[in-house]
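**Student:** pasted the sequence and its predicted model underneath.
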Amino acid sequence: MADVAKKAQELLKEPDDNLIVLSGCGTSGRLAFLLASSFNNLLKGQSKKASYCYTIAGGDKALMTSQELPEDNPELGIEMLEKISQGKKKVLFIGISCGLSAPFVAGQLDLCINKLDKFTPVLVGFNPVNMARSDNIEGWHSTFQQVAERIQKLHDLHKGYIINPAIGPEAIAGSSRMKGGSTTKILLETILLTAHKAVSDNSSITDRCLLDMLKSYEQVHKNIYSHSTKIATLVKHAGASLQKNSHIYYIGWKSLGIIGIIDASECVPTFGADSSHVRGFVNNGFEEMANNNGDLSSLGPEFAISHEYFLKTVLPTIQENDTVVFIFTLDDDLKEIEKIAWQVKASTTNLYAMWHSTTEHQVPQQLEEIFSVAINVTWPKLLSEDQGSYIQRFQYELSTKWVLNAISTGAHVLKGKVYYNHMIDLRVSNSKLFGRALSLLQKFTGQSKSKCFEALLQSIYETDELNEEIKNVEISKHIQWAATMNKVVPTAVVTLIRNCSVSEAKTRLASCPIVRDAINACMTGSGLKRTAEQRETDEKEPGE
Ligand code: F6P
């Protein structure tokens with residue numbers, strides 16, 4: 001971390017010639033965007049030139065909607081990185097892939113390795129290199145693991161870096177948006193803010209500065225989880241909404257609104273949710289986002305993210321079963337918040353809030369009273385120093401992320417979208433998720449890989465007869481089709497357990513709206529449930 005901070009410090013001194021690029025797919029790309037915006041704002045506040053850029057697989061559309069397929073394309077990553085770094089002398093490239101797996105990022109790292117006179121590659125993720133993804137990348141020359149091994153060699157020469165601490169398993173297997181995303185945020189904020197401070201103070205970067213900042217996040221953790229009873233209440237209500245096929249809406253201000261949008265967008269690939277189930281809105285919409293491509297709202301309703309849109313189009317549809325969560329700080333326009341809250345309250349009493357206050361300033365009582373449950377996170381006095389206020393904003397964002405991740409994940413668990421800590425109803429929308437679907441089938445049915453592969457294709461194409469032609473096309477073609485389908489994995493699980501047709505499996509699932517219960521019922525009927533439980537226990541690592 002200290003080495004990377006020193007590199008950033010060096011580059012920040014010559015903003016005309018240099019650039020810091022943050023990049024990733026899905027939530028990793030969204031966090032890259034958020035970090036790049038925050039640090040450019042910090043520079044702007046000091047009347048300095050913007051030094052950061054972001055790239056995200058799928059482009060700006062992926063900031064608020066799930067665009068999984070471009071994640072598989074290394075060439076696309078290379079193209080984007082070449083374009084934004086044109087004309088720059090030195091580029092610090094920070095590629096984020098929590099699972100050390102995204103081909104889009106692998107392509108970009110490979111470009112950097114081949115042009116070390118210009119690029120310093122940094123890989124951020126949370127797997128040891130020997131557990132990086134080793135599958136072939138369709139149409140490309142290396143695997144992610146091979147690229148990671150090459151970066152590791154550069155590490156010792158101080159020409160490239162890997163930051164990949166072990167952070168333990170995710171609560172939902174593969175849901176790297178949670179722990180992985182939060183740790184990405186903590187690590188990169190610590191590194192970059194330390195670099196900015198060193199540039200401003202003309203001081204050196206030491207391990208102590210990094211450690212002090214990391215430790216401040218420990219306090220954030222303590223502070224937010226002291227509200228766990230209220231967080232649990234929100235999870236319960238949000239879960240009840242999803243169980244009734246109703247919605248969860250986050251109405252947020254400034255970057256906390258963006259955290260809401262990020263949380264909502266991930267529910268689609270993770271839980272196979274519809275994009276309307278969990279949605280986020282931010283004040284001033286795209287103006288607040290300040291993303292590369294500006295206003296995308298004309299692309300369709302799922303790209304409408306402003307409060308204005310919420311009030312005009314969503315509010316009239318809100319019903320008692322919907323859950324609405326307001327997220328703000330005391331710096332936001334409390335009068336406006338109160339006004340919107342009253343408007344929402346006319347349609348649902350499921351109105352909640354999470355706000356950040358200080359020991360000196362609290363939210364007015366008449367605002368507090370509008371909400372059924374409010375999480376009031378109180379922080380010590382505001383730090384006035386420029387970088388201090390950024391630390392505080394980062395802490396607000398992280399604690400909000402933790403709460404919203406708990407709400408959306410917990411609500412989907414209650415909706416029955418999780419089976420033994422696995423996202424059983426994920427959307428099979430890229431090669432990683434295709435691989436994950438296949439291993440879930442093997443795990444839960446005990447059948448061979450080839451049998452599970454066939455069942456997966458049968459479910460994707462809704463047929464019991466697979467011709468050789470279909471079986472032999474590239475995985476990317478299957479994914480294109482699968483990405484448009486619902487309940488692909490549950491259907492395949494049921495066909496395998498019951499040894500039944502795809503249409504029978506679909507009928508069984510349709511008769512029980514809770515996917516986990518439907519699968520459980522099939523498992524029990526076939527005597528397989530104990531096997532799944534047993535396998536889960538057998539596979540647990542000590543301490544997991
Ligand atoms: O493709 C789906 C997904 O798992 C997202 O849920 C996640 O945010 C993204 O991939 C990125 O994953 P990683 O950071 O491991 O590359």
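**Tutor:** Right, received. Where do you want to start?

**Student:** residues of this protein that sit close to the ligand?
**Tutor:** Residues of the chain found near the ligand, taking C-beta under 6 Å from any ligand atom as the criterion, are 24-28, 68, 71, 96-99, 101-102, 176-177, 266, 269-270, 430, 432-433. All C-beta spots, glycine's among them, are computed from the backbone N, C-alpha and C.

**Student:** swap the cut-off to 5 Å and go again
**Tutor:** For the chain, the contact set with the ligand under C-beta under 5 Å from any ligand atom comprises 25, 26, 27, 28, 68, 97, 98, 99, 102, 176, 177, 269.

**Student:** okay, now the unreliable bits of the stretch 251-400 of the chain?
**Tutor:** 382-386 (pLDDT under 70).

**Student:** oh, I was asking about the chain
**Tutor:** Ranges of the chain meeting pLDDT under 70: 382-386, 526-544.

**Student:** domains for it, by residue range?
**Tutor:** 1-205, 213-415, 419-528 (the TED database).

**Student:** quote the end-to-end distance of the second one.
**Tutor:** With C-alpha to C-alpha, to the nearest Å as the measure, domain 213-415 spans 38 Å from end to end.

**Student:** same question, the first one
**Tutor:** End-to-end distance of domain 1-205 (C-alpha to C-alpha): 10 Å.

**Student:** which parts of the top helix by length along the chain are buried?
**Tutor:** Ranked by residue count and defined by DSSP state H, the top helix of the chain is helix 386-414. Neighbour-count burial for helix 386-414 flags 387, 390-414 (criterion: 16 or more other C-beta atoms under 10 Å).

**Student:** past that helix, which element shows up next along the chain?
**Tutor:** strand 418-419 (DSSP states H and E).

**Student:** what packs against that next one?
**Tutor:** helix 515-526 (3 or more C-beta pairs under 8 Å, 6 or more residues apart in numbering; DSSP states H and E).

**Student:** buried stuff in the helix it packs on?
**Tutor:** Quick answer for helix 515-526 (16+ other C-beta under 10 Å): 515, 516, 518, 519, 520, 521, 522, 523.

**Student:** which among these gets closest to residue 20?
**Tutor:** Of all the buried residues of helix 515-526, residue 20 sits closest to residue 515, with 42.6 Å by C-beta to C-beta.

**Student:** you'd agree that closest one is up against residue 489?
**Tutor:** No - with contact defined as C-beta atoms under 8 Å, residue 515 does not count as touching residue 489 (9.0 Å).

**Student:** pick the most deeply packed of the domains of the chain.
**Tutor:** domain 1-205 (a mean of 21; mean count of other C-beta atoms under 10 Å).

**Student:** tell me how far that one lies from the chain's centre.
**Tutor:** 15 Å (C-alpha atoms, centre = their mean, to the nearest Å).

**Student:** these two touch, right, residue 118 and residue 85?
**Tutor:** Yes - using C-beta under 8 Å, residue 118 makes contact with residue 85 at a distance of 7.4 Å.

**Student:** residues that sit against both of these two, list them.
**Tutor:** Jointly contacting residue 118 and residue 85 under the rule C-beta atoms under 8 Å, 6 or more residues apart in numbering are residue 91.

**Student:** please enumerate the strands of the stretch 201-350 of the chain.
**Tutor:** 248-252, 278-282, 323-329 (DSSP state E, counting those that start in this stretch).

**Student:** please report phi then psi for the residue of the stretch 101-250 of the chain found nearest the ligand.
**Tutor:** Nearest residue of the stretch 101-250 of the chain to the ligand: residue 102, at 3.6 Å (C-beta to the nearest ligand atom). Residue 102 has phi and psi values of phi -80, psi 120 when expressed as degrees, to the nearest 10.

**Student:** what's the answer for residue 22, then?
**Tutor:** Per-residue torsions, residue 22: phi -110, psi 140 (degrees, to the nearest 10).

**Student:** do you know how far the closest residue to it other than its chain neighbours is from the ligand?
**Tutor:** Leaving aside its sequence neighbours, residue 22 sits nearest to residue 32 (C-beta to C-beta, 6 or more residues apart in numbering; 3.6 Å). Counting by C-beta to the nearest ligand atom, to the nearest Å, the separation of residue 32 from the ligand is 10 Å.

**Student:** just want the angle from the helix or strand where residue 32 lies to helix 386-414.
**Tutor:** Using DSSP H and E, residue 32 sits in helix 26-45. Helix 26-45 and helix 386-414 meet at an angle of 160 degrees, taking axes from the mean of the first three to the mean of the last three C-alpha atoms, to 10 degrees as the criterion.

**Student:** so which elements touch helix 26-45?
**Tutor:** strand 18-24, strand 52-56, helix 61-64, strand 90-96, helix 179-201, helix 254-265, helix 386-414.

**Student:** if we use 6 Å, what do you get?
**Tutor:** strand 18-24, strand 52-56, helix 179-201 (3 or more C-beta pairs under 6 Å, 6 or more residues apart in numbering; DSSP states H and E).
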